[in-house]
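In: Sequence and predicted structure below; questions after.
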Amino acid sequence: MDDKTIVKTAVKVSTVSIILNIILSLLKLVAGIFGKSMAMLSDAVHSLSDVFGSIIVIIGVKISKKKEDNDHQYGHDRMECLASLALGAILFLTGALLIYEGIKKIVSGTSISTPGQIALIAAIVSIVVKEGMYWYTKINANRINSDALKAEAWHHRSDALSSIGSLIGVAGAMLGLKILDPVMGCVIGVVIIKVSYDIAKESVDKMVDKACDDDTVGALKKEVEKVPGVKELDIIKTRMFGTKIYVEIEISVDGNMILKDAHDIAEQVHDNIEKNFENVKHCTVHVNPYGYKHKRKQ
């Protein structure tokens, strides 16, 4: 998939997210105020944070797909990781704020009002809409392999979880357990912080040259070993560069083979890897005469 299509898809998905999140934020804000629900007001803040998150995704994806230049000769792919980190930071701050507000209301002994039915309706609507947004965003994120969009999808999922918490808190308070409303506000905050940690960890892994997962490495090995003329796969190293993969390979071929034929085998390995693995941005292949690697170890 070309970069223009990736950017276009990310912008389209994020724009839909922005519009729906603004509508949901206003709905939850009105429901929280008139329904007198701490959990619903907390949920409104979370939905509003999604708007800023979507804007960050648009900026991050656009920059990450810029072509290489003299100052960035390996491209700008890691900018998408920075966008994901920013989303994680927004989620963390949102979760911490919700926990703080919930604890403050519980500890202060402030009179906790019984939420109205409007808060209950808003929570149900939010659960349905946000879960739908999660799947819509996740499917497109997987299609274009965008970390920032995947982070945004989990942003939606955490909002759906928040709304479930709000629903429990509002329903419990309406049944007489008024303390449940601010308590669920705190629980929502904890869930959001956990999601922020997962997003940040994955982004950092891709910024510190972490190797690919075992399944991907196994598939790469099979691709190399099926090339005619490759007697042995000596070394294979991988590293993540944003959403892209860099691969370094050493193969052994017949030591009596002429240079041109050895080069052709290496070229075939290179072409097969870059052709059959869409996320591989660059593959380097080094050729050893068969047995050389083993002698070098002795």
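Out: Yep, that arrived.
In: ok now stretch 126-138, how far from the chain's centre?
Out: Computed by C-alpha atoms, centre = their mean, to the nearest Å, the separation of stretch 126-138 from the middle of its chain amounts to 15 Å.
In: do stretch 267-277 as well
Out: Taking mean C-alpha positions (C-alpha atoms, centre = their mean), stretch 267-277 and its chain are 27 Å apart.
In: buried residues in it?
Out: Buried positions in stretch 267-277, judged by neighbour count with 16 or more other C-beta atoms under 10 Å: 268-270, 272-273, 277. Every residue, glycine included, has its C-beta placed from N, CA and C.
In: And stretch 129-145, by the same measure?
Out: Neighbour-count burial for stretch 129-145, with 16+ other C-beta under 10 Å as criterion, is recorded at 129-131, 133-134, 136-138, 140-141, 144.
In: What is the nearest of those to residue 76?
Out: residue 144 (15.9 Å; C-beta to C-beta).
In: who touches the closest one in this structure?
Out: Residue 144 sits next to 1, 5-6, 9-10 when contact means C-beta atoms under 8 Å, 6 or more residues apart in numbering.
In: In ChimeraX, select just the buried ones from the residues you listed.
Out: Buried residues within those, by 16+ other C-beta under 10 Å, are selected in ChimeraX with:
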select :6,9,10
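In: Keep only those of the contacts of residue 144 that are in helices.
Out: Among the contacts of residue 144, the members found in helices (DSSP state H) are 5-6, 9-10.
In: For residue 183, state which of the residues you listed is nearest.
Out: Nearest to residue 183 among the ones in helices among the contacts of residue 144 is residue 10, at 37.2 Å by C-beta to C-beta.
In: Look up the closest residue to the closest one, ignoring the ones flanking it.
Out: residue 61 (4.2 Å; C-beta to C-beta, 6 or more residues apart in numbering).
In: OK, contacts around the closest residue in space to residue 66 that isn't next to it in sequence?
Out: Leaving aside its sequence neighbours, residue 66 sits nearest to residue 76 (C-beta to C-beta, 6+ apart; 4.8 Å). Counting by C-beta under 8 Å, 6+ apart, residue 76 makes contact with 63-66.
In: CSV for those, including distance to residue 206, secondary structure and neighbour count?
Out: Shown next, in CSV, are the contacts of residue 76 (distance: C-beta to C-beta, whole Å; DSSP: H, G, I helix; E, B strand; the rest coil; neighbours: other C-beta atoms under 10 Å):
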residue, distance to residue 206, secondary structure, neighbour count
63, 16, helix, 16
64, 11, helix, 26
65, 16, coil, 20
66, 18, coil, 14
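In: how far away is the nearest residue to residue 254 once chain neighbours are set aside from residue 78?
Out: Excluding the flanking residues, the one nearest residue 254 by C-beta to C-beta, 6+ apart is residue 290, at 5.9 Å. Residue 290 is 38 Å from residue 78, where distance means C-beta to C-beta, to the nearest Å.
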